[in-house]
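Asker: Mind folding the following:
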Amino acid sequence: MTKPMFFKSARNLTIGEIAALTGAEPRPGSPLDRVIGNLAPLDRAGPNDLAFFDNAAYHGRLRATRAGACLVTARFESEVPGRVIVLCVRNPYRAFVNVARALFPDALRPSSLFEAQGTAIGAFVHPTARVESGVTVDPGAVIGPRAEIGAGTTIGPTAVIGPGVRFGRDGMIGAGATISNAVIGDRVIIHPGCRIGQDGFGYQMDAGRHGKIPQVGRVIIQDDVEIGAGSAIDRGAMGDTVVGEGTKIDNLVQIGHNVSIGRHCVIVAQTGISGSVTLEDYVMLGGQVGIADHLTIGEGAQIGASSGLMRDVPAGEKWFGTPAKPAREQFREIATLRRLTARTGRSSHLPPDGTDTDQSR
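Answerer: Now for the predicted structure:
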């Protein structure tokens, strides 16, 4: 069985074109008409491939690479094998990404799983829905009453677009996603299995029972947002849940009702954001972060993975841990604990569960 390849390069690039695209400087005498048609890691690259080096941990792979060309900083230029064309550049990874975007533009956005255009047989579009030209609707997808879908958008199999939803142009809705009570901008990518606009988690204890609170708000998603597979964004209780322009959300993220997320934020997988939290612009949340309700995370703040956030975070600060604290404070406490442990000499006497069973002390 041959190895399946799901993406093919749209074109070949010469060394001269790569240099012009990235600002890299080829080693003097390099054949500028040499053709590169693919990308590969250092240890798997062949004569037709472009690789890059930006991590000293991979020195051995750099010295042994068989790539056709390699993007590298001036510091490591001399370590590239003589058979490999050297492309010297300040930021090799950024240059590599620019080349990848040129070679594989189709990988930047999911496409129809049926590699088709138009509305497929088996899709259902309500007569009152407004679908602009160039929209692709795969089999099993449903577009409800009064929904509006912008030109150039693709809707995957079994995706469901609820009544009155507005979805902008040149976007993508993945297979099995559901969208209701939402207004969504242009060039938005929603990956398979997302849930957008369902009830917020709102209940009030009354007479010993949890009484449901009506959730009558919306979800607003601005332009150029990407939402990873299996993520959920609840609609607002009375106002809106908002995701700002350019924000990128990883897989399996839960965003509660009335959350306001600013522009160009990054939220990594398995993060949970409770209701009425505000993330200002350019906030970064690591994986598995949990945020208590009604908090504000200031502009440019960064929260480390697996943190539990229970306080507001000022702009530009880095916090981590549970409960999360400023990074410097957290590191000081860790260092102090290590010193105390070393001083008592007791850590080596504790069983794996940490329980001290020696009653003689």
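Asker: how much space between I190 and F7?
Answerer: For I190, the distance to F7 (Cβ to Cβ, to the nearest Å) stands at 21 Å. (Glycine included, C-beta is placed from N, CA and C.)
Asker: If you count surrounding residues, which of the two has more?
Answerer: Using other Cβ atoms under 10 Å, the more surrounded residue of I190 and F7 is I190, with 31 against 11.
Asker: residues touching the more buried one, list them.
Answerer: I190 sits next to 171-174, 177, 179, 184, 196, 227 when contact means Cβ atoms under 8 Å, 6 or more residues apart in numbering.
Asker: which one of those residues has the most neighbours?
Answerer: In terms of neighbours by other Cβ under 10 Å, those top out with I173 at 30 neighbours.
Asker: Ramachandran coordinates for A335?
Answerer: A335 has phi and psi values of phi -60, psi -40 when expressed as degrees, to the nearest 10.
Asker: my bad, T341
Answerer: Reported as degrees, to the nearest 10, the phi and psi values for T341 are phi -60, psi -50.
Asker: element containing T128?
Answerer: Under DSSP states H and E, no helix or strand contains T128.
Asker: Which residues are in contact with it?
Answerer: The contact partners of T128, taken as Cβ under 8 Å, 6+ apart, are 145-146.
Asker: any idea how far I143 is from it?
Answerer: According to Cβ to Cβ, T128 and I143 sit 10 Å apart.
Asker: do the same with T153
Answerer: Per Cβ to Cβ, T153 is found 11 Å from I143.
Asker: neighbour-wise, which of these two wins?
Answerer: Between T153 and I143, counted using other Cβ under 10 Å, the more crowded position is I143 (28 against 23).
Asker: and that one, what pLDDT?
Answerer: On pLDDT, I143 comes in at 99.
Asker: Helices of the stretch 251-361 of the chain, start to end?
Answerer: 327-344 (DSSP state H, counting those that start in this stretch).
Asker: Low-confidence stretches in it?
Answerer: Scanning the stretch 251-361 of the chain for pLDDT under 70 picks out the ranges 345-361.
Asker: At which residues are the strands of it located?
Answerer: 254-255, 260-261, 266-267, 272-273, 278-279, 284-285, 290-291, 296-297, 302-303, 308-309, 318-320, 325-326 (DSSP state E, counting those that start in this stretch).
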